[in-house]
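J.: The sequence and its predicted three-dimensional model are supplied below.
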Amino acid sequence: MTIGWNDNTPIYRQLKDKVIGMMLDGALKAGDALPSVRQVAAEYQLNPITVSRAYQELVDENLVEKRRGIGMYVTEGASEKLLASERERFVREEWPAMLERIRRLGLDVDQLPRAQDGGKS
């Protein structure tokens, strides 16, 4: 896990988003163990409380489960749940802004795939 922290978002949130990204990309699958809080804290020179907060939010969202004494594990169906919520968020928040930008630039939505591959489609 390589992370470049930015100052605009709390680190625990950035760490949580990184773990979510790994789930969406398939790097973390149902049943996989997350690295321990101590391991992540040491590797990225973070306060263990910061790592614990990120992990706790994943637990609260039922994406990860705590197994007492053995660690944190990705729950069954976590990636499907994430994919559905990310798609819904994209359609609700990002797509309208993209459509507005496309309109402002005078582009035709139907021509965008052809413009992307240099007109070969």
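T.: Happy to help now that I have it.

J.: hey, where'd the helices end up in the protein?
T.: 11-25, 37-43, 48-60, 78-89, 95-104, 112-116 (DSSP state H).

J.: Looking at these, which is nearest to M72?
T.: Closest of these to M72 is helix 48-60, at 5.7 Å (criterion: CB to CB). Bear in mind the C-beta positions are built from the backbone N, C-alpha and C, glycine included.

J.: now the closest one against helix 78-89, angle please.
T.: Angle between the axes of helix 48-60 and helix 78-89 is 80 degrees (criterion: axes from the mean of the first three to the mean of the last three CA atoms, to 10 degrees).

J.: buried ones in helix 48-60?
T.: T50, V51, S52, R53, A54, Y55, Q56, E57, L58 (16 or more other CB atoms under 10 Å).

J.: what about the nearest residue to the third one once chain neighbours are set aside, distance to L46?
T.: Think S52. Nearest residue to S52, sequence neighbours excluded (CB to CB, 6 or more residues apart in numbering): V37, at 5.4 Å. As judged by CB to CB, to the nearest Å, V37 and L46 stand 9 Å apart.

J.: How about A54?
T.: Distance, A54 to L46, using CB to CB: 9 Å.

J.: what residues are up against L83?
T.: L24 (CB atoms under 8 Å, 6 or more residues apart in numbering).

J.: Please read the previous query as pertaining to V37.
T.: Applying CB under 8 Å, 6+ apart, the residues contacting V37 are P48, V51, S52, Y55.

J.: what bridges to the spatially closest residue to T75 that is not a sequence neighbour?
T.: Once flanking residues are discounted, T75 sits nearest to E65: 5.2 Å by CB to CB, 6+ apart. Beta-bridge partners for E65, by DSSP bridges, are Y73.

J.: E65 contacts G71, correct?
T.: No. With contacts counted by CB atoms under 8 Å, E65 stays clear of G71, the gap being 9.8 Å.
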